[in-house]
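Colleague: with the sequence up front, the predicted model follows.
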Number of protein chains: 2
Amino acid sequence: MKQSQYFSRTSKTAPKDDVSVNARLLEQAGFVHKEMAGVYSYLPLGWRVLQKIENIIREEMNAIGGQEILMPAMQPKENWQATGRWDSLDVLFKIKSQHDNEYALGPTHEEIVTPLGVGRISSYRDLPLAVYQIQTKFRDEARAKSGLMRGREFRMKDLYSFHTTEEDLARYYKVVAESYTKIFNRLGIPALYVEADGGTFAKYSHEFQVETPNGEDVVYVCNKCQLAVNKEIFSDEKTCTDCGEKDYRETKASEVGNIFELKTKFSESFKLTYTDEDGSQKPVLMGCYGIGPSRIMGVIVEEHHDEAGIIWPESVSPFAVHLIALGGKDAEVSEQAEKLYSNLLAAGVEVLYDDRTEASAGQKFADSDLIGIPNRVIISSKTIAENSVELKNRASGDTSLVPLNQIMEKFSNA
Amino acid sequence: MKQSQYFSRTSKTAPKDDVSVNARLLEQAGFVHKEMAGVYSYLPLGWRVLQKIENIIREEMNAIGGQEILMPAMQPKENWQATGRWDSLDVLFKIKSQHDNEYALGPTHEEIVTPLGVGRISSYRDLPLAVYQIQTKFRDEARAKSGLMRGREFRMKDLYSFHTTEEDLARYYKVVAESYTKIFNRLGIPALYVEADGGTFAKYSHEFQVETPNGEDVVYVCNKCQLAVNKEIFSDEKTCTDCGEKDYRETKASEVGNIFELKTKFSESFKLTYTDEDGSQKPVLMGCYGIGPSRIMGVIVEEHHDEAGIIWPESVSPFAVHLIALGGKDAEVSEQAEKLYSNLLAAGVEVLYDDRTEASAGQKFADSDLIGIPNRVIISSKTIAENSVELKNRASGDTSLVPLNQIMEKFSNA
């Protein structure tokens, strides 16, 4: 993509009304635009990152047998009344048609996925089963804040699993937990596996928390057995709930995923049963597992930045290469840069090409630092004189001269 | 995908409350589930089709320089007040936060995309520009009907273009019209290019209409000059508005796309201006261009079915091959079928594999007819005796025996 034509523009001034690091950098670098508190537009740069995050999650969900579906945002009031959450869930947005019904605007989809199972799950032979979606969700948060971290409208991957026995649910719960660990590693944000309160369904649920200075949660990690627990269930005696050790660390963290055993709570509300081998009818056991891709975009930025801007992990960077032509009014520079740009595109490399002729070198470098693409390739009359380009790593700052005839090899197998 | 484990189930009984062909077939074949009037869940089969439709549209939008973004469903009330549509647009869903604001739930995105341009478009050098999104939209329809054809919640691709002059807008309008023609051809639903009323902005807008017996619109096509116009603008004298000919046909059709010249209507509301070469400030000219992927899924089914079920065009079929093992309790049959299934998957062929051991041949064929995958491969003890499989084309009904060692070649280059 040529930067001169790109619908994205960096800004020197920080947004006034949001002080979180992720919101500031993502807005200044032109990834997102804040429409109102907790509601963002994703500009081309931001949409590319969001798609990469979602595709990594999608690959891993498919790898553990998840079947992708799409459930609606607008949900029947009766479904929410059936579980009692129409009145009890305080963040539920309610919407009224002028013509007839009142709806819920989905903050989660248990009220839809469970009745979807009725008629499609009937025998023990149909189980286990797992379906997921990547969908926009809505929550009427009292105070939407922290940039992409807590939105009123946000992206969510939610997986739901269905089982015959508690053992099978527990088995799959572990499969998902391992998958989540892999996902967060791939996304460049290794996460703690944290015990949390299981509510009325189970003894524990689990959160995945990324340790970060601006985290909104507090997590306790036992230095002896490495068990991590959240504030809710950390013992009053200030000892590890597992090994009893008093040697722990208290760390700030941001939640990036959570998993719950729902057991029969929802299947009972919607009479989702199966016929077992012995012919008896039994309620289906369920688990639910969430990851928020837009929230993760915020967490990645919180974890990967320096004073000059964002430093994207390669796996989610909007482009693999930031090609920068310096002194672009110099015909030879722009000719060489155009040629390299075409060659890289032809080799399937994702390139953002700063072809702007009006911007100074300083401005281009500042923008490039802000945007944070991991590999930078600079062409100038100086590099051309040496038949080379300059290759710079955004994270390490390492710089090297690479002969023009070798630069393609660096990226075409990426 | 193995059918025995698939979250999709055919039904012998037609849905009671919806008589449109697309709703009946898509529900009976297990592509969608109706949650309420005008609101559907997309099951794995339906989601695959919807993704294919959206990806074809995405490819063509990228090919004409569209930059993909994602704008929110929840939109500030002030933006809608700025254009006067908060009160005038009767299908607008309004939603109230318990905490503060009232929002619009986006039926379209001019009220978001235009202010997004402010600060990102400032000079004539920034133009022309085109951005698009594929997003869920909401309309408070008085009577949601016709299955996927008129929803309260539906998928929409909306492209917006920005220009310096009317000439450049007209040029790009034609580029989009040609792209749309290509898209509908690729989707297997060639569409008429129909003149419609341009409202207050322009003399004409254009609709893309697919001739279909159950179409909700009426279109007039001049048999002499082939000009097509919609009911709104067909002349009272019953003559072609272009050549004056009285020889026309009246045909039922379904709208699958529309394009409008917005000109400066929205840029004036939001003060979206650019600095021209001579230093003067001018309002940006805009066009908008819509296609509804979920609606298109309905139209494709209306166009491509027979009494037994759906017949998907290859470009949007949920799978390329429906592999059916008959007499699956026969160890040799299931062994050969499993082997072929693995080989096809390894070659990157999308296969739905009917591995069910309990279903009869008749049931499997009826389900396969209903689901409508274009190529069917049947393995039975009979075909194995001839070291072959039976290949059947869903559309033509043509059947042939293909040697087992040649079947891979048929599909692995598909």
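Modeller: That came in fine, so what should we check first?

Colleague: check which helices and strands the host helix or strand of residue A:352 sits against.
Modeller: Element membership of residue A:352, judged by DSSP states H and E, is strand A:351-354. For strand A:351-354, the helices and strands in contact under the criterion 3 or more CB pairs under 8 Å, 6 or more residues apart in numbering or on different chains; DSSP states H and E are strand A:321-325, helix A:331-346, helix A:361-371. Bear in mind the C-beta positions are built from the backbone N, C-alpha and C, glycine included.

Colleague: among the ones you listed, which is the most enclosed?
Modeller: Greatest average neighbour count among those goes to strand A:321-325 (a mean of 26), per mean count of other CB atoms under 10 Å in any protein chain shown.

Colleague: in its sheet, what does it sit against?
Modeller: Using DSSP bridges, the strands paired with strand A:321-325 are strand A:351-354 (parallel), strand A:375-379 (parallel).

Colleague: what residue lies at the spatial centre of chain A?
Modeller: With distances taken as CA atoms, centre = their mean, the residue of chain A nearest its centroid is residue A:293 (2.5 Å).

Colleague: identify the residues contacting it.
Modeller: The contact partners of residue A:293, by CB atoms under 8 Å, 6 or more residues apart in numbering or on different chains, come to A:50, A:53, A:54, A:57, A:134, A:155, A:156, A:157.

Colleague: about what we covered before: what average pLDDT does the strand holding residue A:352 get?
Modeller: In this model, strand A:351-354 carries a mean pLDDT of 97.

Colleague: then stretch A:370-387?
Modeller: Averaging pLDDT along stretch A:370-387 gives 96.

Colleague: likewise stretch A:393-402?
Modeller: 94.

Colleague: cool, stretch A:277-297 as well?
Modeller: 97.

Colleague: for that stretch, list the C-alpha coordinates in PDB.
Modeller: Below are the C-alpha coordinates for stretch A:277-297, written out as PDB (Å, rounded to 0.1, in the frame of the first residue of the first chain):
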ATOM      1  CA  GLU A 277     -26.700 -45.100  25.500                       C
ATOM      2  CA  ASP A 278     -29.100 -46.600  28.100                       C
ATOM      3  CA  GLY A 279     -32.100 -44.600  26.500                       C
ATOM      4  CA  SER A 280     -32.400 -42.100  29.400                       C
ATOM      5  CA  GLN A 281     -32.700 -38.300  28.800                       C
ATOM      6  CA  LYS A 282     -29.900 -36.300  30.400                       C
ATOM      7  CA  PRO A 283     -29.100 -32.500  30.300                       C
ATOM      8  CA  VAL A 284     -26.100 -31.600  28.100                       C
ATOM      9  CA  LEU A 285     -23.100 -30.300  30.000                       C
ATOM     10  CA  MET A 286     -21.600 -27.000  28.600                       C
ATOM     11  CA  GLY A 287     -18.500 -24.900  28.700                       C
ATOM     12  CA  CYS A 288     -17.900 -21.400  27.400                       C
ATOM     13  CA  TYR A 289     -14.600 -19.800  26.500                       C
ATOM     14  CA  GLY A 290     -14.000 -16.200  25.500                       C
ATOM     15  CA  ILE A 291     -11.200 -14.100  23.900                       C
ATOM     16  CA  GLY A 292     -11.700 -10.400  23.000                       C
ATOM     17  CA  PRO A 293      -9.700  -9.600  19.800                       C
ATOM     18  CA  SER A 294     -10.200  -5.800  20.000                       C
ATOM     19  CA  ARG A 295      -9.200  -5.800  23.700                       C
ATOM     20  CA  ILE A 296      -6.100  -7.900  22.800                       C
ATOM     21  CA  MET A 297      -5.100  -5.200  20.200                       C
END
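
Colleague: show me which of the contacts of residue A:293 neighbour chain B.
Modeller: Checking the contacts of residue A:293 against chain B by CB under 8 Å from any CB of the partner chain, the ones in range are residue A:50.

Colleague: residue A:115 touches residue A:272, doesn't it?
Modeller: Yes. At 7.4 Å, residue A:115 counts as touching residue A:272 under the criterion of CB atoms under 8 Å.

Colleague: same list (the helices and strands packed on strand A:351-354) but as JSON lines, adding distance to residue B:412.
Modeller: Below are those laid out as JSON lines (distance: least, CB to CB, whole Å):
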{"stretch": "strand A:321-325", "distance to residue B:412": "33"}
{"stretch": "helix A:331-346", "distance to residue B:412": "25"}
{"stretch": "helix A:361-371", "distance to residue B:412": "41"}
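
Colleague: and residue A:328, what pLDDT?
Modeller: Value for residue A:328, per-residue pLDDT: 64.

Colleague: do the same with residue A:72
Modeller: Value for residue A:72, per-residue pLDDT: 98.

Colleague: now swap in the one 3 residues further on and tell me
Modeller: Here, the pLDDT recorded for residue A:75 equals 97.

Colleague: now, which of the contacts of residue A:293 lie within helices?
Modeller: Counted as lying in helices by DSSP state H, out of the contacts of residue A:293, are A:50, A:53, A:54, A:57.

Colleague: how far away is residue A:169 from residue A:240?
Modeller: Distance, residue A:169 to residue A:240, using CB to CB, to the nearest Å: 26 Å.
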